[in-house]
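[1] Here you go, sequence then predicted model.
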Amino acid sequence: MKNKIVYLFILLTAVIACSDDFTQQTAFGSLSDESLKNADGIDLLLIGAYSMLDGHSATGGDDWFKAGDNWWFDVMSDDAHKGSTDGDQADLFLLETYDWGSANPYTTGKWRSLYAGVNRANAVLVQIGLVEEGDFSQQLAEARFLRGFFNLQLQKIFGNVSYISEENFAALEFNQPNSGPIWGQIEADFEYAVANLPNTQDQVGRATAWTAKAFLGKTYLYQSNWADAYASLNDVVTNGGFALRSEFTDNFRMAGDNSSESLLAIQFTADATTSFNGNRGGTLNFSGPNGYCCGFYQASQDLVNAYQTLAGLPLLDTYNTSDVASDYGINSSDPFTLHAGPLDPRLDYTVGRRGIDYNGFGVHPGKDWIRASFADISGPYMTKKNFYNNGEDANVGTGGWGEQRSGINYHLMRFADVLLMAAEAAAETGNTAVALDYVNQIRNRAKNMTYVKDAAGADAANYVIEPYNSFPSTAYAVKAVRFERRLELGVEGHRLFDLRRWGNSSSVISEYISNEARTITPFGVAANAYQSKHDLSPIPLTAIDQSQGVITQNSGY
């Protein structure tokens with residue numbers, strides 16, 4: 001399916017591009033063409049809906065505005081800086097420094113691409129209704145899963161969004177009010193998918209009943225419906241047939257593509273020419289050993305500090321008391337002493353830092369691989385999960401102007417995420433034994449995996465990690481699970497949304513700004529205060545204008 005999506009998507013562009021912006025009421029007669037009133041036509045439309053998982057469509061705007069891996073949402077959290085020089089991508093600079101406006105092209109691009117996904121899913125549902133013969137129950141269930149997925153993204157980003165049903169779509173009634181959350185509609189789509197999808201699929205990349213149940217559990221989790229979240233997620237853990245890979249880093253290499261740890265992934269593919277199915281939204285996020293453009297998406301000092309350990313356990317409340325040694329302000333030609341304290345080994349598969357091998361390309365030399373200057377806000381680190389591993393040439397792809405379009409699959413959900421969501425729901429309901437078990441499965445994988453090595457074959461740093469012996473209270477269990485999510489899922493696009501649903505965005509981000517300023521002074525000067533309005537992104541001004549006032553703005557913007 002990885003390759004099939006691309007080429008059928010190209011054929012689809014002329015057919016359904018007009019439906020990619022829900023605010024434009026363009027004729028949709030082509031969707032009812034006789035050539036689509038059959039199994040092949042429905043599958044064509046369905047693959048077009050799947051293709052929107054990467055965010056790329058004919059909705060306009062730069063590829064990175066619509067990135068399916070949500071990398072730039074990490075920049076709005078305490079996990080990452082935008083990277084590069086401050087003046088490059090000034091609109092992203094505004095997002096990182098909490099100067100948010102309703103005309104920012106990043107949030108506008110995301111809104112448009114997600115509604116394009118909703119509309120493509122609705123197009124499948126409408127088309128199935130026009131075919132008189134055949135059983136399309138599975139395709140219908142896949143389309144409803146996809147609509148649920150895109151609506152879940154809209155809901156967690158914008159909070160108050162318009163719900164567009166297949167009936168609205170068929171009647172060209174796109175101008176729907178955004179009067180509140182649409183959790184009920186999202187749940188209904190996932191519930192239908194759970195009941196009607198098969199447990200396995202012949203083609204990789206397609207949703208299964210287990211995928212749908214995991215996302216249903218996630219939907220409950222976002223509403224703090226802990227009992228239903230636990231029931232759904234624990235069923236996936238216990239009976240879904242998924243498993244952690246022995247090597248953490250496999251999730252970001254070809255070995256982890258569609259493996260036992262993958263529930264749903266964007267099926268990125270690179271090739272020797274223009275990689276149309278590569279990660280177009282992540283093209284800015286390369287630098288370092290190959291001199292690729294453009295040096296964006298740099299890990300924060302705060303994230304690096306979170307990987308410090310004591311007796312093998314995280315410093316849940318005190319990780320920012322001292323900083324992991326940083327080479328900020330130090331040129332590559334100047335001496336630097338690597339941090340000697342104990343660290344979680346996942347750090348050096350997540351963050352690129354001076355003195356440590358970078359994905360097999362050699363030891364990171366520091367400033368020479370960092371595009372940002374010492375006067376910029378982004379600091380000295382790189383990210384690693386999005387960058388090729390040396391020797392995996394099949395993941396190396398390029399675009400029209402030489403930009404990188406990686407073939408590394410992006411996990412929209414992987415089994416470690418499911419384990420930690422189930423652990424969180426268990427902890428919130430007082431079941432600390434299950435929470436402990438699931439967190440320790442994650443930590444034991446990290447303990448027993450292969451560590452990053454130095455040139456002599458020894459551990460590259462002082463790696464010390466152990467499982468928890470116990471969770472002494474429910475409050476401790478909740479805190480430990482939340483912290484483990486950050487360690488395991490760092491720079492995978494989840495952090496901002498976790499903070500929002502936990503309701504602690506304001507305190508965490510405010511403390512982050514203060515702490516980060518200790519080592520990256522320009523960031524502390526540039527960052528504005530976090531406000532309650534930042535718990536939701538602004539509704540794009542263009543959507544409000546085109547709706548003629550039917551769509552209203554979130555509070556504070």
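    Right, received. Where do you want to start?
[2] can you map out the helices along the stretch 1-150 of the chain?
    With DSSP state H, counting those that start in this stretch as the criterion, the stretch 1-150 of the chain has helices at 2-16, 39-51, 71-74, 90-96, 105-130, 137-158.
[3] Could you export these to CSV, including columns for distance to Trp369 and mean pLDDT?
    C-beta here means a position set from N, CA and C on the backbone, and glycine is covered the same way. Supplementary listing: those in CSV, determined by distance: least, C-beta to C-beta, whole Å; pLDDT from 0 to 100:
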stretch, distance to Trp369, mean pLDDT
helix 2-16, 30, 39
helix 39-51, 34, 94
helix 71-74, 19, 98
helix 90-96, 20, 98
helix 105-130, 26, 96
helix 137-158, 32, 98
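[4] out of the ones you listed, nearest to Gly278?
    Using C-beta to C-beta as the measure, helix 2-16 is the one of the helices of the stretch 1-150 of the chain that comes nearest Gly278, at 9.5 Å.
[5] quick one, what contacts the spatially closest residue to Asp99 that is not a sequence neighbour?
    Excluding the flanking residues, the one nearest Asp99 by C-beta to C-beta, 6 or more residues apart in numbering is Asn528, at 5.5 Å. Contacts for Asn528 were tallied using C-beta atoms under 8 Å, 6 or more residues apart in numbering; they are 97-99.
[6] out of those residues, which are buried?
    Buried members of those, counted by 16 or more other C-beta atoms under 10 Å: 97-98.
[7] Same list, the contacts of Asn528, but as a markdown table with pLDDT and distance to Asn151 please.
    Shown next, in a markdown table, are the contacts of Asn528 (pLDDT from 0 to 100; distance: C-beta to C-beta, whole Å):
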| residue | pLDDT | distance to Asn151 |
| --- | --- | --- |
| Thr97 | 98 | 30 |
| Tyr98 | 98 | 27 |
| Asp99 | 98 | 28 |
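[8] possible to save the contacts of Asn528 as CSV with distance to Leu541?
    Listed next are those as CSV, based on distance: C-beta to C-beta, whole Å:
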residue, distance to Leu541
Thr97, 20
Tyr98, 18
Asp99, 15
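[9] between the contacts of Asn528, which is nearest Phe387?
    Thr97 (25.3 Å).
[10] how about low-confidence regions in the stretch 151-300 of the chain?
    Along the stretch 151-300 of the chain, the model assigns pLDDT under 70 to no residue.
[11] how many neighbours does Gln203 have?
    Residues lying near Gln203 (other C-beta atoms under 10 Å) number 13.
[12] so what's the residue nearest the centre of the chain up against?
    In the chain, the residue lying closest to the centroid (C-alpha atoms, centre = their mean) is Gly493, at 3.3 Å. By C-beta under 8 Å, 6+ apart, Gly493 lies in contact with 69-71, 73-74.
[13] ok, now how distant is Lys156 from Gln223?
    Per C-beta to C-beta, to the nearest Å, Lys156 is found 11 Å from Gln223.
[14] If you could redo that for Gly329, that was the one I meant.
    45 Å.
[15] swap in Phe483?
    Phe483 is 22 Å from Gln223, by C-beta to C-beta.
[16] who's more crowded, these two?
    Each of Phe483 and Gln223 has its neighbours counted (other C-beta under 10 Å); Phe483 has more, 18 against 15.
[17] next one: phi and psi at that one?
    phi -70, psi -40 (degrees, to the nearest 10).
[18] ok, it to Ala306 distance?
    When distance is defined by C-beta to C-beta, Phe483 is 7 Å away from Ala306.
[19] Residues that sit against both of these two, list them.
    Pro314.
[20] For Gly397, list the residues it contacts.
    Counting by C-beta under 8 Å, 6+ apart, Gly397 has contacts 269-271, 275, 278, 404-407.
[21] Next, the closest residue in space to Ile330 that isn't next to it in sequence: secondary structure please.
    Leaving aside its chain neighbours, Ile330 sits nearest to Phe336 (5.5 Å; criterion: C-beta to C-beta, 6+ apart). Counting by DSSP: H, G, I helix; E, B strand; the rest coil, the backbone at Phe336 sits in coil.
[22] Next, count neighbours for Phe336.
    Neighbour tally, Phe336, other C-beta under 10 Å: 16.
[23] Could you report the distance from it to Lys367?
    10 Å.
[24] where does Pro335 land on pLDDT?
    pLDDT recorded at Pro335 is 97.
[25] and the residue lying closest to Ala311 once chain neighbours are set aside, what element?
    Leaving aside its chain neighbours, Ala311 sits nearest to Glu466 (6.8 Å; criterion: C-beta to C-beta, 6+ apart). Glu466 belongs to no helix or strand when assigned by DSSP states H and E.
[26] Surely Glu466 is in contact with Arg443?
    Yes. Contact between Glu466 and Arg443 holds when scored by C-beta atoms under 8 Å: they sit 7.2 Å apart.
[27] These two: who's more crowded?
    Taking neighbours as other C-beta under 10 Å, Glu466 and Arg443 compare with Arg443 leading, 23 against 14.
[28] ok, the more buried one - contacts?
    Residues near Arg443 by C-beta under 8 Å, 6+ apart: 465-468, 484.
[29] with those residues in mind, which one is nearest to Ser507?
    Checking those against Ser507 with C-beta to C-beta, the nearest one is Glu484 at 19.4 Å.
[30] so the closest one sits in a strand?
    No. If the criterion is three-state DSSP, then Glu484 is helix and not within a strand.
[31] Output the helices of the stretch 1-150 of the chain as a markdown table; include the columns mean neighbour count and distance to Lys533.
    Putting the helices of the stretch 1-150 of the chain into a markdown table (neighbours: other C-beta atoms under 10 Å; distance: least, C-beta to C-beta, whole Å) gives the following:
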| stretch | mean neighbour count | distance to Lys533 |
| --- | --- | --- |
| helix 2-16 | 16 | 35 |
| helix 39-51 | 22 | 32 |
| helix 71-74 | 26 | 16 |
| helix 90-96 | 19 | 13 |
| helix 105-130 | 24 | 13 |
| helix 137-158 | 23 | 12 |
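[32] I'd like to know which of those is closest to Val550.
    Judging the helices of the stretch 1-150 of the chain by C-beta to C-beta, what sits closest to Val550 is helix 105-130, at 14.3 Å.
[33] which other helices and strands contact the closest one?
    helix 2-16, helix 39-51, helix 90-96, helix 137-158, helix 166-170, helix 541-546 (3 or more C-beta pairs under 8 Å, 6 or more residues apart in numbering; DSSP states H and E).
[34] and the angle from that helix to helix 137-158?
    Interaxial angle of helix 105-130 relative to helix 137-158 (axes from the mean of the first three to the mean of the last three C-alpha atoms, to 10 degrees): 160 degrees.
[35] Please identify the buried residues of stretch 393-410?
    The neighbour-count check on stretch 393-410 (16+ other C-beta under 10 Å) flags 395-398, 403-410 as buried.
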